[in-house]
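When you get a sec, could you give me coordinates for this:
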Amino acid sequence: MRRRQVLRAGGAALVPLFGTSVSAGSPQADDGYEPLGRVEIDSAFEAATHHDGEIAYVAADDGLVSVDISNPEDPSILAERRDIDTGGQEMALAWDLWPDGDRLVLAGPANPVRGAAQGFALFDISDPESPEQVAWHSTDFYIHNGFFDDSTVYLVGSGTRRYPVVMFDVADDEPEEVGRWSFVDAKPEWLNVPLGSRVLHDVYVQDSTAYLSYWDAGTVIADVSDPSDPTLLSQVGDFDREELTGLSRPEARQEYLTPSGNDHYAVVNDDATRLLAGKEAWAVSDPDAEDGTVGGPGGITIWDIDDPESPERLGRIEPPQSDDSTQGGYFTTAHNCDIVDDRVYASWYFGGVTAHDISDPADPERLAWWRNPEEASFWTAQSAVPGETFIASSADLSKTSFDGKPATPALYVFPDEEGVQEDPPGLIRYESEGPTPTQTPASTPTRTETGTSTEAPTVTPEPTPTDGSVATETPDSSDGDGPGFGVAGALTGFGGAMYALARRQDRED
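Take a look at the predicted model:
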């Protein structure tokens, strides 16, 4: 595994652990790059912009919140819907939502919760000041993430044996399941890989093409124009299947929790020629390592998918660095992101938010970066009005099953412009403090492959399909994710719960 990259004194003189906090709404020219405005929202998680960038919707654990961001210096809450009608049980851990036209889907729970409702609520958001629930649909799985596009809801079938994407038609406000599909349906030989290495974490859909984040198995691209019969188009990632099948249980667990791999989130540009694969990763304790840990934060890989069946890796956005990137520290791994034209908006938990220009994808240029780890842990970043504003939500992880550092849950609005933060905190930094980081290659990872996994089920493979291709990367010093993700969170909402359940399911099989 990659050794955690440490802060280097040569980049810039270290400043105190936390720098001066920047107040919202101050002129950028006077005070450096900073948020335009902020509104606190109890239990904020995922956020999405809608209505021409004037409204944002925020998933808030037990409901949703609509926010007026038309005046970016004074965002204000329009409505809260916390009492979701599920037919009986309470909704909990509703961490994901997506608007589509005049409808919005709120799904949960993100992780298993005893006694909580499992499913999604459908809202009429034609009036953002008065969202109205029009349907509830229960599911036989919990829902870590989902997507909503063209009257079809796409949900991650979390906790199930094959981790499918499950699709629902909601055109008449009467949800009906219309299909379930997993990439192992097309590639059954991947069933020999421990389930923890091939869990589906998220789904993104554009123009009837789904981009499915299957963790160490990579990002799977599928044609979902017929939800009842999806077709595999391609698979991109860091590993060949054979690299994951021969691992012992401890090796498989560490590989799951550390780079490379860890495809957590995917999004494409408007013409679907560029794919961003966000890698969520932490550092993990290792008594044999020189500094006591291996792994560290994951970055964002940029792929050329102009021809989805012949993808090409183009470059990578490096993560910020922290002096403690374990799950108990101020970790800085990639989380959710957005792309508009050649501009990428990214969230890095305590590492803040960034905007990058990827017109040269081999050499992404950082345009802006803001962070305040004592206050904010960013869950997502999304364009609001291109060239003017983007939003980012901060989540308080200390109030979840994940024992993380506290943060203030809120929605931020940022200027979509170049800038440098004044007096940034010294805890979180790139190798240099200029607009563009110096990208120092990580050391080459190593893996012992003599162990035999005791988790992987044995199956008799069906004929290997010929309609999909696999593009792989060798995790070397030029393309690795750098350091990886922490074992301490093996039962948390950041993939660890899925790993624990996957391990149990493998044993039962």
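
low pLDDT regions in this protein?
1-30, 401-402, 431-509 (pLDDT under 70).

one more time with 80
For the chain, the stretches with pLDDT under 80 are 1-31, 400-403, 427-509.

residue ranges of the helices in it, please?
For the chain, the helices defined by DSSP state H cover 28-31, 183-186, 241-245, 249-257, 496-508.

and the second one, what does it pack onto?
The helices and strands touching helix 183-186, judged by 3 or more CB pairs under 8 Å, 6 or more residues apart in numbering; DSSP states H and E, are strand 231-237. Yep, even glycine has a C-beta here, placed from its N, CA and C like the rest.

gap between the closest residue in space to residue 167 that isn't next to it in sequence and residue 88?
Spatial nearest neighbour of residue 167, excluding adjacent residues (CB to CB, 6 or more residues apart in numbering): residue 227 at 4.0 Å. Going from residue 227 to residue 88 by CB to CB, to the nearest Å gives 29 Å.

what's the answer for residue 38, then?
Noted for residue 38: a distance of 36 Å to residue 88, by CB to CB.

Who has more neighbours out of those two?
Set residue 38 next to residue 88 and count neighbours by other CB atoms under 10 Å: residue 38 wins out with 22 against 7.

hey, what's that one bridged with?
residue 412 (DSSP bridges).

hang on, isn't it packed against residue 409?
No: with contact defined as CB atoms under 8 Å, residue 38 does not count as touching residue 409 (10.8 Å).

Touching both of the two, which residues are there?
Counting by CB atoms under 8 Å, 6 or more residues apart in numbering, residue 38 and residue 409 have no common neighbour.

tell me the contacts of the residue nearest to residue 167?
The neighbourhood of residue 227, defined by CB under 8 Å, 6+ apart, consists of 152, 167, 169, 178-179.

Which ones among the residues you listed map onto strands?
Per DSSP state E, strands hold the following members of the contacts of residue 227: 152, 167, 169, 178-179.

So what's the residue count around residue 256?
Residue 256: 29 surrounding residues under other CB under 10 Å.

Any idea what the nearest residue to residue 335 once chain neighbours are set aside is bridged to?
Spatially, and ignoring its direct neighbours in sequence, residue 335 is nearest to residue 347 (4.6 Å; CB to CB, 6+ apart). For residue 347, the beta-bridge partners are residue 353 (DSSP bridges).

so residue 347 makes contact with residue 336?
Yes: Residue 347 is within contact range of residue 336, at 5.7 Å (criterion: CB under 8 Å).

Pull up the overlap in contacts between the two.
379-381.

got a winner among those residues for most neighbours?
Ranked by neighbours (other CB under 10 Å), the shared contacts of residue 347 and residue 336 are led by residue 380, which has 27 neighbours.

For it, give the beta-bridge partners.
Beta-bridge partners, per DSSP bridges, of residue 380: residue 393.

Next, the contact list for it, please.
By CB under 8 Å, 6+ apart, the contact set of residue 380 is 46-47, 335-338, 347, 392-393.

If we use 7 Å, what do you get?
Residue 380 makes contacts with 46-47, 335-336, 347, 392-393, as judged by CB atoms under 7 Å, 6 or more residues apart in numbering.

Just the buried subset of those residues, written out for PyMOL, thanks.
Buried residues among the contacts of residue 380 (16 or more other CB atoms under 10 Å), as a PyMOL selection:
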select buried, resi 46+47+335+336+347+392+393
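
residues near the closest residue to residue 183 other than its chain neighbours, how many?
Distance criterion CB to CB, 6+ apart; nearest residue to residue 183, sequence neighbours excluded, is residue 220 at 4.4 Å. Using other CB under 10 Å, residue 220 has 32 neighbouring residues.

can I assume residue 220 is in contact with residue 233?
No: judged on CB atoms under 7 Å, residue 220 makes no contact with residue 233 at a distance of 8.4 Å.

Residue 385 and residue 51 touch, don't they?
No: using CB under 7 Å, residue 385 makes no contact with residue 51, being 11.1 Å away.

in the stretch 301-450 of the chain, which spans are strands?
Secondary structure of the stretch 301-450 of the chain (DSSP state E, counting those that start in this stretch): strands at 312-317, 321-322, 337-340, 343-347, 353-357, 365-370, 378-385, 389-394, 410-415, 428-429.

mind checking which of the ones you listed is nearest residue 254?
Closest approach to residue 254 among the strands of the stretch 301-450 of the chain (CB to CB): strand 321-322, 19.9 Å.

what does the closest one contact?
Strand 321-322 is contacted from outside by 5, 7, 329-332, 350-351, 427-430, using CB under 7 Å, 6+ apart.

With residue 341 as the reference, measure out to residue 369.
To residue 341, residue 369 is 19 Å away according to CB to CB.

residues near residue 413, how many?
Using other CB under 10 Å: residue 413 sits among 28 other residues.

That one and residue 389 touch, don't they?
Yes: in terms of CB under 7 Å, residue 413 counts as a neighbour of residue 389; the distance is 5.5 Å.

joint contacts of those two?
Common neighbours of residue 413 and residue 389 (criterion: CB under 7 Å, 6+ apart): 36, 72.

measure the residue nearest to residue 304 when sequence neighbours are not counted to residue 231 for me?
Closest residue to residue 304 apart from its sequence neighbours, by CB to CB, 6+ apart: residue 312 at 4.3 Å. According to CB to CB, residue 312 stands 21 Å off from residue 231.

sorry, back to before: I'd like the strands of the stretch 301-450 of the chain laid out as a markdown table, including distance to residue 74.
Listed next are the strands of the stretch 301-450 of the chain as a markdown table, based on distance: least, CB to CB, whole Å:
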| stretch | distance to residue 74 |
| --- | --- |
| strand 312-317 | 31 |
| strand 321-322 | 32 |
| strand 337-340 | 23 |
| strand 343-347 | 21 |
| strand 353-357 | 20 |
| strand 365-370 | 19 |
| strand 378-385 | 14 |
| strand 389-394 | 13 |
| strand 410-415 | 9 |
| strand 428-429 | 28 |
